[in-house]
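**Q** Build me a structure from this.
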Amino acid sequence: MKTYQATPDIEVLTSDIPIPGFGLVPVNAFVIKGEEPILVDTHAVVERDDFMTSLRSVIDPAELRWIWLTHTDFDHIGSLRQLLDEQPQIRLITTFLGIGIMSLADPLPMDRLHLLNPGEKLTVGDRTLAAFKPPVFDNPSTTGFLDESSGTLFSADCFGALLQDVPENAADLTDEQLREGQVFWASVDSPWLHKADDAKLARELDGIRAMKPSMVLSSHLPAASGDMTDRLLASLAAVPSSVPFVGPDQAALQQMLQEMSGAA
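**A** Numbering: from 1, shown residues only. The predicted structure follows:
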């Protein structure tokens with residue numbers, strides 16, 4: 001794992017997860033520093049030890065006051081239980097659906113939750129967080145937010161991309177790399193987009209455009225400055241008419257196993 005600054009007060013904690021035969025997916029969590037520091041997601045279950053090491057390199061976990069859980073997928077909840085157990089001062093921001101999904105595996109401490117629905121706001125120290133439902137998502141509990149103090153948009157899985165190389169700045173990607181990576185990711189992660197009504201999707205995307213973010217921070221894309229917003233939205237608008245993703249079948253799996261056996 002590595003860390004880098006997206007803005008002077010926002011650290012990105014990231015690693016690149018390989019998808020054999022397809023490329024790399026960046027997996028990001030974020031630390032927002034301020035009067036009441038916030039951790040946005042807790043990275044992947046398989047990398048929780050490395051994540052905790054990286055987290056401690058940018059902030060003492062005892063300083064954290066909030067965790068914003070964008071949704072309950074395994075690449076977002078890796079160190080959630082450890083942090084809640086070790087740091088009693090932390091409160092968790094989630095939704096009613098987030099509680100329900102987590103209760104099937106690892107119930108959350110109800111007295112330390114703050115439920116926030118899309119359309120609602122929460123002031124934490126020197127920041128006001130405006131919750132919203134991203135236009136593209138893979139989990140019904142997904143809730144992103146706009147940090148109104150900085151204009152930074154935290155979009156959960158929305159705007160993610162599958163890439164061959166992962167820079168720290170999305171501006172270092174060519175238009176083709178960004179578009180192809182986003183379209184592929186959205187086709188895999190949110191296949192329902194291929195059944196979406198173009199006009200309704202366009203209205204959802206316009207809602208993001210109207211926010212005029214100064215920075216877009218996706219769970220699965222390098223940090224993107226606000227002047228890239230139109231490019232990010234254009235990629236998503238292209239998904240419904242793109243070719244749907246079909247994963248490798250059993251014959252392909254057998255071939256991969258044979259190749260791995262031969263290499264060994």
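**Q** Can you give me the separation between the residue nearest to P240 when sequence neighbours are not counted and P140?
**A** Nearest residue to P240, sequence neighbours excluded (C-beta to C-beta, 6 or more residues apart in numbering): A196, at 5.2 Å. To be clear about C-beta, it is placed using only N, CA and C from the backbone, and glycine gets the same treatment. Here A196 is placed at a distance of 16 Å from P140 (C-beta to C-beta, to the nearest Å).
**Q** quick one, helices of the stretch 151-264 of the chain?
**A** With helices called from DSSP state H, counting those that start in this stretch, the stretch 151-264 of the chain shows them at 175-189, 198-211, 229-237, 250-263.
**Q** wait, what's in contact with S225?
**A** N169, A170, A171, S214, M215, V216 (C-beta atoms under 8 Å, 6 or more residues apart in numbering).
**Q** List the beta-bridge partners for it.
**A** Beta-bridge partners of S225, counted by DSSP bridges, are M215.
**Q** so how far is stretch 199-208 off the chain centroid?
**A** 20 Å (C-alpha atoms, centre = their mean, to the nearest Å).
**Q** now stretch 27-47
**A** Worked out by C-alpha atoms, centre = their mean, stretch 27-47 lies 10 Å from the chain centre.
**Q** repeat for stretch 186-204
**A** 18 Å.
**Q** Buried residues, it. List them.
**A** Using 16 or more other C-beta atoms under 10 Å as the test for burial, stretch 186-204 gives A186, S187, V188, D189, S190, L193, A196, L201, E204.
**Q** Helices of the stretch 1-150 of the chain, start to end?
**A** 48-58, 80-86, 96-103.
**Q** quick one on the thing from earlier: minimum distance to I101: which of the helices of the stretch 151-264 of the chain has it?
**A** helix 175-189 (16.9 Å; C-beta to C-beta).
**Q** Who are the packing partners of the closest one?
**A** In terms of contacts (3 or more C-beta pairs under 8 Å, 6 or more residues apart in numbering; DSSP states H and E), helix 175-189 is packed against helix 229-237.
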